[in-house]
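Kindly generate the corresponding structure for this input.
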Amino acid sequence: MKLSIIGGQLSTKSQDYEILSSFCLTSGQSVSLEWIEGQYWLHSSNPKENPMTIEIDKELDRHLAYFKKSSIHKEVFARAIGVKSGIRPKVLDLTGGFLGDSLLLLSFGCEVTVLERHPVVSFLIKSALSNSRHPLIQQLHFQALDAQEYLSRFPNQDVIYFDPMFEDANEKTLPKKEMRIFRSLVGKDQDAREVWLRAHACGPKRLVVKRPRLSVFLGQDPDISFEGKATRYDVYLPKE
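Numbers count the residues shown, from 1 in each chain. The predicted structure is shown next:
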């Protein structure tokens, strides 16, 4: 298994290269990254598929354009996080992934700290952040760390958001290409229960867990749930 870097200025002597090479060696996966339009893109194992990346500025502009026509306060995700008139909480996103939800939180007006422990995904996030010119990106703070490690060091959090890889999702429908590639690279979060316990023990104002709408609860029964068409947000509040 090997690491292939096409273009860009990633040195074979850099720490990032060493981390990526080590991942390929220990996981038995091959990773191909290509420099396109100022940042790195991840190639699929299927040569017929186009590479994918995190297009931060394009995604933020798309969200902001949408919210010029639709109220943020009607969004199920925003309500679950605790967005209200004049209130934009600080959010710790435990699993950044390809930043889909993190960028949506930014478009709500929240300040977001994002964690991602997977070395390839973390590298793509850092590459995308260095290429972003969007003013909202100043409100996003990224740490290439494991959630449990971060929470052990910084337990005092306003809102914690957790989106584990769904272990009980409906497998009859093949996920869209980006999610399928992401799943094949990252796999399932085997320690999701342990992460939930750690986050819950921190006692944030809100712990929000994203689940498939019909799935079981990750931890205990939530205090409240917000349901969309396919997704459910379970909210845990501090006990008085």
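
from here on, contacts and neighbour counts on C-alpha atoms
Fine.

center of this protein - which residue?
Taking CA atoms, centre = their mean as the criterion, residue 96 is the residue nearest the geometric centre of the chain, at 2.2 Å.

That one belongs to a helix?
No. Residue 96: not assigned to a helix; according to DSSP: H, G, I helix; E, B strand; the rest coil it is coil.

Now do the strands for the chain: every range, in order, please.
Using DSSP state E, the strands found in the chain span residues 3-6, 31-36, 39-42, 91-93, 112-115, 140-143, 159-162, 206-212, 224-227, 231-236.

List the pairing partners of the longest one within its sheet, with orientation.
Yep, that's strand 206-212 we're talking about. Looking at strand 206-212 with DSSP bridges, its partner strands are strand 159-162 (parallel), strand 231-236 (antiparallel).

quick one: residue 160 from residue 207, how far?
Between residue 160 and residue 207 the computed distance is 5 Å (CA to CA, to the nearest Å).

low-scoring stretches of the chain, by residue?
1, 166-184, 186-189, 240 (pLDDT under 70).

Tell me how many other residues surround residue 47.
Other residues within reach of residue 47, judged by other CA atoms under 10 Å, total 8.

Repeat that for the one 4 residues further on.
Neighbours of residue 51 under the rule other CA under 10 Å: 19.

so it touches residue 45, yeah?
No. Distance between residue 51 and residue 45: 9.5 Å, which falls outside the contact criterion (CA atoms under 8 Å).

which residues in this structure form helices?
15-27, 56-67, 76-81, 100-108, 119-131, 147-153, 177-186, 192-201 (DSSP state H).

how about JSON lines for the ones you listed, with mean neighbour count and distance to residue 165 added?
Putting these into JSON lines (neighbours: other CA atoms under 10 Å; distance: least, CA to CA, whole Å) gives the following:
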{"stretch": "helix 15-27", "mean neighbour count": "15", "distance to residue 165": "18"}
{"stretch": "helix 56-67", "mean neighbour count": "16", "distance to residue 165": "21"}
{"stretch": "helix 76-81", "mean neighbour count": "20", "distance to residue 165": "17"}
{"stretch": "helix 100-108", "mean neighbour count": "20", "distance to residue 165": "13"}
{"stretch": "helix 119-131", "mean neighbour count": "19", "distance to residue 165": "14"}
{"stretch": "helix 147-153", "mean neighbour count": "15", "distance to residue 165": "14"}
{"stretch": "helix 177-186", "mean neighbour count": "15", "distance to residue 165": "8"}
{"stretch": "helix 192-201", "mean neighbour count": "17", "distance to residue 165": "8"}
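
didn't residue 120 look like it was pressed against residue 21?
No. With contact defined as CA under 8 Å, residue 120 does not reach residue 21; the gap is 9.8 Å.

returning to what we had before: and the strands of the chain as CSV, adding mean neighbour count and distance to residue 103?
Below are these laid out as CSV (neighbours: other CA under 10 Å; distance: least, CA to CA, whole Å):
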stretch, mean neighbour count, distance to residue 103
strand 3-6, 16, 27
strand 31-36, 18, 21
strand 39-42, 23, 18
strand 91-93, 24, 11
strand 112-115, 22, 9
strand 140-143, 16, 9
strand 159-162, 24, 13
strand 206-212, 24, 16
strand 224-227, 16, 20
strand 231-236, 23, 17
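
gap between residue 17 and residue 11?
Counting by CA to CA - residue 17 and residue 11 are separated by 7 Å.

whoops, residue 101 was the one
31 Å.

Give me the distance between the residue lying closest to residue 232 once chain neighbours are set aside and residue 234.
Nearest residue to residue 232 in three dimensions, chain neighbours excluded: residue 213, at 4.5 Å (CA to CA, 6 or more residues apart in numbering). Per CA to CA, residue 213 is found 10 Å from residue 234.
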